[in-house]
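S.K.: here is a sequence together with a model predicted from it:
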Amino acid sequence: MGNEPLNAPDLHAPRIFRPEPGDPGRPKRGLDDEALRTQATIFRDDLLAGHTILISGAGSGMGKAAAYLAARLGANVAICGRTREKLDGTAALIREETGREILCVEANIRDPEAVETLIGAVHDHFGGLDTLVNNAGGQFPQDAIDFSRKGWLAVIDTNLNGTWWMMQEAAKRWRADGKPGHVINIVANVERGMPQAAHTCAARAGVIYLSKTVATEWAPHNIRVNCIGPGVIETEGFRMYPEEALARFHNANPMKTRGNAWDVAEAIAYLASPAGRFINGDLMIIDGGQAQWGVVWPAGMPEYFSDNGAA
Ligand SMILES: CCCCCCC/C=C/C(=O)SCCNC(=O)CCNC(=O)[C@H](O)C(C)(C)COP(=O)(O)OP(=O)(O)OC[C@H]1O[C@@H](n2cnc3c(N)ncnc32)[C@H](O)[C@@H]1OP(=O)(O)O
Ligand SMILES: NC(=O)C1=CN([C@@H]2O[C@H](COP(=O)(O)OP(=O)(O)OC[C@H]3O[C@@H](n4cnc5c(N)ncnc54)[C@H](OP(=O)(O)O)[C@@H]3O)[C@@H](O)[C@H]2O)C=CC1
């Protein structure tokens, strides 16, 4: 399907952006392996020694950075995603830099049976699980009025249902084993809505309130549940958005900048560490102030809003 003009003056013209496979002619975005290798951390080397962490969607972006940092801090790391070669890339980086082997499981979080197998595999391999990071997810940018049923379902199934299968399965194991546990759900900054990402906004808002609810229900089982809401974080995932929109993404926050995957990785390490032990049912926003100020138009801003709403 072709890409239609993004700022079409005709308000009735549906706008669609589908990246081409392999993203020909577009720059690579996000922290590459070289950049990850040289990131400094404030945390001590053995902060997560003996801690087992499972991170979904860790073949790229924030998940990969979080897996790499956790391994550097001494954690036993398991990762999942749908693409074997991306998972292998994360494992290779970690092996080269730390000498540690991680567990890679190809799994689609939308499939509850695959999730059950995954959680079982992590327990079998490492003898337990301490922190589950639900990072896998995503969406495509589109005006809500034009969502196809299949597109709506794909985004809800990934970001809401997939996250739920993972956290419920992990919690069942923790309850059965009488072990404490911790879930960190990566969501998004949704409090003022997300134009052109209404499907993901609905799913992420669902995850935030699901998390706050079970943070209470599961406290008797010694299970904590928190969320992290990233703003505009430059990763490989930016390929889902047209260049014209990407050129304005930094304007979404008053710092007029983009975060990177390391900003989120360090927050995950903090929450997973003993420093996070009294944090429960929280939503940590990492967005440079976007929640108070900016707005993202990930499919391209309609002409109507081109003065940015300024008085
Ligand atoms: C937070 C968002 C707003 C702020 C943006 C600023 C910050 C950036 C935030 C990020 O999240 S960056 C990370 C982005 N990374 C991803 O999104 C990667 C993962 N995304 C996906 O895997 C897909 O987008 C998906 C839809 C979530 C997964 O679906 P599935 O694997 O089933 O893919 P498809 O078979 O390709 O699609 C199913 C269905 O969905 C519709 N659709 C898909 N892409 C588009 C598109 N570009 N435009 C319109 N509709 C789309 C469509 O109906 C597809 O079915 P078919 O028509 O292909 O049969
Ligand atoms: N970057 C940003 O500015 C923001 C990102 N987010 C969210 O943060 C998370 C990480 O994003 P980011 O690192 O930027 O993007 P990426 O696209 O790099 O990472 C998303 C990862 O999720 C995996 N994934 C997607 N669907 C599934 C699935 N059904 N089952 C298993 N794995 C899946 C993908 O791998 P594969 O396709 O191989 O399965 C991919 O590695 C996502 O949930 C994203 O939507 C939220 C707000 C802002």
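M.R.: Okay, I see it. Ligands and ions are numbered 1, 2, ... in the order given.

S.K.: which residue would be the closest one in the stretch 201-311 of the chain to ligand 1?
M.R.: Nearest to ligand 1 in the stretch 201-311 of the chain, going by CB to the nearest ligand atom, is G237, at a distance of 2.5 Å. Bear in mind the C-beta positions are built from the backbone N, C-alpha and C, glycine included.

S.K.: cool, the stretch 1-150 of the chain as well?
M.R.: G138 (2.2 Å).

S.K.: could you say which helix or strand holds that residue?
M.R.: G138 is located outside every helix and strand, with elements delineated by DSSP states H and E.

S.K.: let me know the pLDDT of E303.
M.R.: pLDDT, E303: 86.

S.K.: could you do A8 as well?
M.R.: On pLDDT, A8 comes in at 46.

S.K.: one more: F140?
M.R.: 97.

S.K.: L283 now?
M.R.: 98.

S.K.: do L132 as well
M.R.: 99.

S.K.: surely L129 forms part of a helix?
M.R.: No. Assessed with DSSP: H, G, I helix; E, B strand; the rest coil, L129 is coil; it does not lie in a helix.

S.K.: wait, what's in contact with it?
M.R.: T52, I53, L54, A78, I119, V122, H123, A170, R173, W174, G181 (CB atoms under 8 Å, 6 or more residues apart in numbering).

S.K.: cool, A171 as well?
M.R.: Per CB under 8 Å, 6+ apart, neighbours of A171: G181, V183, V214, W218, H221, I223.

S.K.: which phi and psi does the first one have?
M.R.: Note on G181: backbone dihedrals following degrees, to the nearest 10 are phi -160, psi 170.

S.K.: please enumerate the helices of the stretch 1-150 of the chain.
M.R.: Ranges of helices in the stretch 1-150 of the chain, per DSSP state H, counting those that start in this stretch, are 33-37, 61-72, 84-98, 112-126, 149-156.

S.K.: okay, the ones you listed, which one's buried deepest?
M.R.: helix 61-72 (a mean of 28; mean count of other CB atoms under 10 Å).
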